[in-house]
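# Need a 3D model of the following:
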Amino acid sequence: HLKGIPAAAAAVYTMNQFKAAPLQVTESNLANGQAQAIVVNSGIANAGMGQVGLEQARQMSDWAAETLGVGTTDVIVASTGVIGMPLPMEKIHDGVAKAASQLQAAGGHEAAYAIMTTDTVQKEAALEIQLGGERVTLGAMAKGSGMIHPNMGTMLSFITSDAAIDQKLLQQFLSEIVEDTFNMISVDGDTSTNDTCLVLCNGLAENPVITEEDEDGKEFKAALAYVMEYLAKQIAGDGEGCTRLFEVTCNGAATKEDAKIISKSVVCSTLTKAAVFGKDANWGRILCAMGYSGVTFDPEKVDIVLESEEGSLAIVKDGIATDYSEEKATQILSANPVKAILDIHAGEEKATAWGCDLTYEYVTINA
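Residues are numbered from 1 along each chain as shown. Next comes the predicted model:
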C-alpha cells in the first residue's frame, strides 16, 4: 500500500467444508487475481456466524479499503480465534483506522506479533534473491499453534514480494509448494475453518516479468518454497503445549504420494506423539502407524532411524528391533527437533512431514 501498487495475488484455503466468512469474502475479492491490502483480526475467527459473519467480513474489507484509499475488491480479509462469536465491530473499526495510521515499511515484526493467538513465538522469514540482475525480496509471516493438520490447520500465512511475476504462474507455484509444506504439518489432527495462505507480488523490483518456469522462475519458486517450509516447521514446532518439533521422513517409497501418506500417518499418531513427549523409543507405535496408513509395503523391509543433535540411532532393521541402547535413544529423543527416518525399500520417492509431541499442556490449553 505504501507504494500504491496493486499486486498479483495468489491464495490457497482450508479444505474444511465450513469456510469462515473472511475466506468467502477474500475468495470473492481475489477473483481478479490482484490485491493491495490485508486486514486481519486476532481473537475471534468470524466462523459459524452465518449471514451476520459475512456482513461483518465485508464491512472489515470496506473499512480497510476506504481508510487506505484502495479498491473495495483489493482487500484480503482474515480472522483467527474463537469460532461462533460475533466480531466487536466498534473495535474492528477503530483498529483498522489505528493500524492504517501506523503503516510503516518495517512494521512486519509487529504485524506478526499481532496475528498470534495461542502461538508462543512470532513466525517470520525473509530472504533476497537475484532475478534478471535485479534484487528481489520475499518477506513472510505466519501464525498457527493449534487446530493444525495436513490440508492446513488454523494458520494464516502472508508472503509479500517485489518480484514481477505472472499471476497464474504465481498461483501454480503456490498450489504446488503448499502440498509439500503447509499440507505436511500436523499438531492435533484438526483442520480449521479459517486457514489462508496468501502471496502478493507487486513487481517493484522491476525484474523481467516471470511468465514460465525458466531459470528465473525456478529461482523464485525455490525461494518461495524455502520460506513456506521454514514457516511450516515453525508452526509445527510451536504446537500448543509442545516441547519439541517432530520430523518424519519416509524414504524408499514407490510413489511420492505413498511417502507422504506414511510420513503423515506417523507424525499424526497420537501414541507416537505421546512417546516422543515421554522420550520413549517406542518403535512399535511407529510401525503400527505405518501399517494402518493405507500404503502397501513389505513390513520385513522396514528400517527406522531416530536422529537429533544428540546423534543417530538405528532402532529397527528389516522390520525387527536392533540391539540399541535405550539410554542413547532417550538422549536422542530429549533434543529438539527429533527426527524419525523411515525406509520401506520399495522405490526411490521420499517425503517429509512435521509435527510435535503431545503433552499435558495441550489438553489444559484446549479444555
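# The closest residue to residue 290 other than its chain neighbours and residue 349, how far apart?
Leaving aside its sequence neighbours, residue 290 sits nearest to residue 262 (Cβ to Cβ, 6 or more residues apart in numbering; 5.4 Å). (Glycine included, C-beta is placed from N, CA and C.) Distance from residue 262 to residue 349, counting by Cβ to Cβ, to the nearest Å: 11 Å.
# Common neighbours of the two, please.
residue 253 (Cβ atoms under 8 Å, 6 or more residues apart in numbering).
# Between the two, which is the more surrounded one?
Counted by other Cβ atoms under 10 Å, residue 262 and residue 349 do not tie: residue 262 has more neighbours, with 27 against 16.
# Check which residues of the host helix or strand of the more buried one are buried.
For residue 262, the host element (DSSP states H and E) is helix 256-268. By neighbour count on 16 or more other Cβ atoms under 10 Å, the buried set for helix 256-268 is 256, 258-268.
# Pull the most distant pair out of those.
256 and 268 (18.1 Å; Cβ to Cβ).
# By mean pLDDT, point me to the weakest helix or strand of the protein.
helix 360-366 (a mean of 87; mean pLDDT, DSSP states H and E).
# quick one, helices of the protein?
In the chain, the helices defined using DSSP state H lie at 21-29, 50-68, 89-101, 108-114, 167-180, 215-237, 256-268, 270-277, 283-291, 326-333, 360-366.
# Which positions in the first one come out as buried?
With burial defined by 16+ other Cβ under 10 Å, the residues of helix 21-29 counted as buried are 21-26, 29.
# Against which helices or strands is it packed?
strand 7-13, helix 50-68, strand 75-82, strand 196-201 (3 or more Cβ pairs under 8 Å, 6 or more residues apart in numbering; DSSP states H and E).
# So what's the gap between stretch 243-255 and the chain middle?
17 Å (Cα atoms, centre = their mean, to the nearest Å).
# same check, this time on stretch 97-105
So, by Cα atoms, centre = their mean, the centroid of stretch 97-105 is 26 Å from its chain's centroid.
# List the contacts of the nearest residue to residue 281 once chain neighbours are set aside.
Distance criterion Cβ to Cβ, 6+ apart; nearest residue to residue 281, sequence neighbours excluded, is residue 329 at 3.6 Å. By Cβ under 8 Å, 6+ apart, the contact set of residue 329 is 281, 306, 313, 315.
# Closest to residue 171 out of these?
Nearest to residue 171 out of the contacts of residue 329 is residue 306 (Cβ to Cβ; 38.8 Å).
# if I look at the closest one, how far off is residue 18?
Using Cβ to Cβ, residue 306 is found at 38 Å from residue 18.
# More neighbours: which of these two?
Per other Cβ under 10 Å, whichever of residue 306 and residue 18 has more neighbours is residue 306, with 24 against 13.
# residues in contact with that one?
Residue 306 neighbours (Cβ under 8 Å, 6+ apart): 281, 312-313, 315, 329, 332-333, 338-341.
# try residue 332
Counting by Cβ under 8 Å, 6+ apart, residue 332 touches 281, 306-308, 310-313, 338.
# Can you check the pLDDT for it?
We have a pLDDT of 97 for residue 332.
# Same check on residue 194?
pLDDT at residue 194 comes out at 79.
# and it, how many neighbours does it have?
27.
# Does it touch residue 82 like I think?
No. Contact criterion Cβ atoms under 8 Å: residue 194 and residue 82 do not qualify, at 10.8 Å.
# shared neighbours of those two, which are they?
Residues touching both residue 194 and residue 82 (Cβ under 8 Å, 6+ apart) are residue 45.
# Tell me the pLDDT of residue 148.
Looking at residue 148, its pLDDT stands at 48.
# same deal with residue 151?
On the pLDDT scale, residue 151 gets 48.
# still on that earlier bit, adding distance to residue 5 and pLDDT, write the contacts of residue 329 out as TSV.
What follows is these, written out as TSV (distance: Cβ to Cβ, whole Å; pLDDT from 0 to 100):
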residue	distance to residue 5	pLDDT
281	54	95
306	49	97
313	53	97
315	54	97
